[in-house]
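Asks: A structural model of the following input is requested.
(one chain, ligands or ions: 1)
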Amino acid sequence: MTADLTASRALVTGAGHGIGRAIAVALADAGADVAIHYGQSEDGAEDTAARIISAGRRAKTFQADVRDSAEVSTLVSDATDFLGGLDILVTNAGHLVGRALVAEMTDDHWQQVLDVNLTSTFLTCRAALPSLIASRGRIVTMASLAAHNGGGAGATAYAAAKAGVVGFTKALAKEVGPQGVTVNAVAPGFIAGTAFHDTFTPADAQKAMVAGIPVGRGGTPEDVAAAVVYLSSPAAGFVSGATLDLTGAQWVR
Ligand SMILES: NC(=O)c1ccc[n+]([C@@H]2O[C@H](COP(=O)([O-])OP(=O)(O)OC[C@H]3O[C@@H](n4cnc5c(N)ncnc54)[C@H](O)[C@@H]3O)[C@@H](O)[C@H]2O)c1
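Replies: Have a look, this model is predicted:
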């Protein structure tokens, strides 16, 4: 069954490429108009928007550093103005930043990882909540398998930040449930072909990761996007405070 998001208005952060782009395109394919956020460089955002526009939906790009409260407020306000309201927020932007062992980690590294993954989620949700409460909307946050299994060596800050996203998602779901807003997380495992892994995971390590996935393949950005579309749809109205693991059974609870 394909979700029908006709006339929905969505903001996806970090949607220039990778998982964020796949989410933006999938939401548009389901009928939504989409505000495409990107970070420091244009990052492919114009191409994401062009794909959506050519498929007959509305789309526009918006730049902001998701670690910066004022920039996030402007992002959400401009995106909401463009869309004429907001029904769906996907806080996809995030980054490993780099690997660092705790004994050698700088204060700055720790803070950067928390800011870009966890504080950004809080800032974006806070700015969007008035519009989402008005529309009885949906929030989907981006966690990671690392929140459950700790990630690889040197990923403590990232694992802590993504576990924080899971906790934030649960608490916010309780807080805004009475106002009609659902809040869920997706927690992808290894998603192949993303800049994330091409930057931080050597090819042989990527191969080893796939070998450890019971379903026999790495995930794709489209696998993540399909889950986000479901969580954004009317069919998921009773799903809130959940974390949907997308790991090909690499992680089972
Ligand atoms: N690739 C994977 O296997 C995987 C697995 C689990 C979770 N994730 C999460 O999925 C999300 C997307 O990852 P991806 O693999 O597509 O990686 P990516 O690096 O291709 O995308 C990350 C996005 O976040 C944006 N971003 C980063 N820092 C920013 C900042 N300071 N301000 C604004 N935007 C910023 C980037 O512009 C980019 O669009 C991330 O939150 C990542 O942690 C990825």
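
Asks: give the contact list for residue 120.
Replies: 13, 66, 67, 72, 91, 93, 94 (C-beta atoms under 8 Å, 6 or more residues apart in numbering). In short, each C-beta sits where N, CA and C put it, glycine included.

Asks: Wasn't the last one part of a strand?
Replies: No - judged by DSSP: H, G, I helix; E, B strand; the rest coil, residue 94 forms no part of a strand; its state is coil.

Asks: rewinding a little: filter the contacts of residue 120 down to just the ones in strands.
Replies: residue 91 (DSSP state E).

Asks: residues near the nearest residue to residue 94 once chain neighbours are set aside, how many?
Replies: Nearest residue to residue 94, sequence neighbours excluded (C-beta to C-beta, 6 or more residues apart in numbering): residue 117, at 4.4 Å. Per other C-beta atoms under 10 Å, the neighbour tally for residue 117 reads 30.

Asks: For residue 50, see how far away residue 117 is.
Replies: Using C-beta to C-beta, to the nearest Å, we find residue 117 at a distance of 28 Å from residue 50.

Asks: after the worst-scoring helix or strand of the chain on mean pLDDT, next one along is what?
Replies: Least confident helix or strand of the chain, by mean pLDDT, DSSP states H and E, is helix 195-200 with a mean of 83. The helix or strand immediately downstream of helix 195-200 is helix 203-211, counting by DSSP states H and E.

Asks: hmm, the very next helix or strand once past that next one in reach of the ligand?
Replies: Tracing the chain past helix 203-211, the next element assigned as helix or strand by DSSP H and E is helix 221-231. No - applying C-beta under 6 Å from any ligand atom, one finds helix 221-231 out of contact with the ligand, separated by at least 6.6 Å.

Asks: and the helix or strand following helix 221-231, what does it pack onto?
Replies: Per DSSP H and E, the first helix or strand lying C-terminal to helix 221-231 is strand 243-246. Packing contacts for strand 243-246, counted by 3 or more C-beta pairs under 8 Å, 6 or more residues apart in numbering; DSSP states H and E, involve strand 182-188, helix 221-231.

Asks: quick one: the shortest one to helix 221-231, angle?
Replies: Looking back up the chat, that one is strand 182-188. Calculated by axes from the mean of the first three to the mean of the last three C-alpha atoms, to 10 degrees, strand 182-188 forms an angle of 160 degrees with helix 221-231.
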